[in-house]
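[1] output the structure for:
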Amino acid sequence: MKLVGLLTLLILISCSVSEKEKDFSVYSGVNFDNSDSKKIPLIEAGDSRSGYGPPVKEMSQFETLASKKVVAFFFYPASFSSLSYLKVVDNLRKYKIHPSVYSGAGFGAVIAALLAKGLTPDHIEWKFFSLIDKLKGKKYLSIDWKEEFHLFLKKEFQSLRIEGVKHALVLPVYDKKMGKIRYLSRGNLYNTLVLNFEMNISGNKLFYSPLVVGNLQIDKLMNKGVDKIAVINSLGSKINFYETNHYLIGLYSKLIGFSLRESIKKNENKLWINLSLKNREIDRANNIQNLFQSTINLNKEKIDELKQFIKKESKIK
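    Residues are numbered from 1 along each chain as shown. Below is the predicted model of the structure:
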């Protein structure tokens, strides 16, 4: 009897450990490919430093070149003005200067994902010109606007995972249950990008856009193996909307306040590049060519500063 009791106890302990391991490694969420709730193959447990980019001989890009510092570009959320980041990246590439990691929030996350996918800035520009044409007449973040935008994201990213793109990519989401922003280096890329535009936090979803918080906690990238961060910001210090939206005005005001506070702090491992652009509307894409021109013409010194920050630290050529 004692032997039977001992065996029973061992089986119960084994099952208990198995369940704990299972709960630790998976989080529930919404898969945007369907309307039903299911497991997201996305959220990772803990701040793992592995899994960046595609595997190279069973090792990540970071592991194979671990002797050099890892520099990340974080593209600050600036709606359509985020397209200016393409000109900054294009200018740096002429000097063979590249970051190790791409990151960003909102439209910045989409720009980061397309670059991490391996597309050139020129190719991305062409894709956005086509998208903007389809979005004409649709109110920013309205149902019909989102439907068109989600089609664009699905076409580009539906079958991709964050850890499966060409270059290292880390993207934020807001975890409502945990009450904090989480930076993800693994999982479904399309889902993560859709979440970056989920602004209505009054719903019953588990994950939302990190923009709803205001403080994007960009320093959390350091927990993902990043040594230095260059935050590229084209949001500006003033808010302009084509159509008044008090909720979005409040949301972007918080983001502006955060950027102004953070950019004056001195930190040798983090550089804020606040691009100077002509006044632009957050909720409408107009005169994109003018945006591209002013990005280069008005920011030569700032781009040079960025070159010096990343030039000797970048790992990926």
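[2] quick one: the helices in the protein, in order.
    Assigned helices in the chain, in chain order: 2-25, 61-64, 84-93, 107-117, 121-135, 143-157, 189-195, 246-263, 288-297, 300-310 (criterion: DSSP state H).
[3] nearest to Ser100, out of these?
    With C-beta to C-beta as the measure, helix 61-64 is the member of the helices of the chain nearest Ser100 (7.4 Å). All C-beta atoms are positioned from the backbone trio N, CA, C, and that covers glycine.
[4] poorly predicted segments of the stretch 201-317 of the chain, please.
    Where the stretch 201-317 of the chain drops to pLDDT under 70, the residues are 312-317.
[5] let's test this: mean pLDDT of the lengthiest strand in the chain, rounded?
    Ranked by number of residues, the top strand in the chain under DSSP state E is strand 168-175. Average pLDDT, strand 168-175: 97.
[6] quick check: angle from it to helix 107-117?
    If you take axes from the mean of the first three to the mean of the last three C-alpha atoms, to 10 degrees, strand 168-175 sits at 150 degrees to helix 107-117.
[7] can you spell out which helices and strands pack onto strand 168-175?
    If contacts are counted by 3 or more C-beta pairs under 8 Å, 6 or more residues apart in numbering; DSSP states H and E, strand 168-175 sits against strand 101-104, helix 107-117, strand 180-184, helix 189-195, strand 207-208.
[8] about what we covered before: want to throw the helices of the chain into TSV with mean neighbour count?
    Compiled in TSV, these are given as follows (neighbours: other C-beta atoms under 10 Å):
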stretch	mean neighbour count
helix 2-25	10
helix 61-64	18
helix 84-93	21
helix 107-117	26
helix 121-135	15
helix 143-157	15
helix 189-195	25
helix 246-263	16
helix 288-297	16
helix 300-310	15
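[9] now those helices as a markdown table including distance to Val165?
    Output for these, formatted as a markdown table (distance: least, C-beta to C-beta, whole Å):
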| stretch | distance to Val165 |
| --- | --- |
| helix 2-25 | 22 |
| helix 61-64 | 11 |
| helix 84-93 | 15 |
| helix 107-117 | 4 |
| helix 121-135 | 14 |
| helix 143-157 | 9 |
| helix 189-195 | 7 |
| helix 246-263 | 26 |
| helix 288-297 | 25 |
| helix 300-310 | 20 |
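[10] and Ser202, which of the ones you listed is closest to it?
    The closest approach between Ser202 and any of these, judged by C-beta to C-beta, belongs to helix 246-263 at 10.1 Å.
[11] ok, and what's touching the closest one?
    76-77, 140-141, 199, 211-216, 218, 231, 233, 235-239, 241, 272, 274, 282-283 (C-beta atoms under 8 Å, 6 or more residues apart in numbering).
[12] at 10 Å instead, please
    76-79, 105-106, 140-141, 199-201, 209-219, 231, 233, 235-241, 245, 270-274, 282-283 (C-beta atoms under 10 Å, 6 or more residues apart in numbering).
[13] filter those residues to the buried ones?
    Buried subset of the contacts of helix 246-263 (neighbour count, 16 or more other C-beta atoms under 10 Å): 76-79, 105-106, 140-141, 209-214, 216, 218, 231, 233, 235-236, 239, 241, 245, 270-274, 282-283.
[14] list the strands paired with the longest strand of the chain, with their directions.
    strand 101-104 (parallel), strand 180-184 (antiparallel), strand 207-208 (antiparallel) (DSSP bridges).
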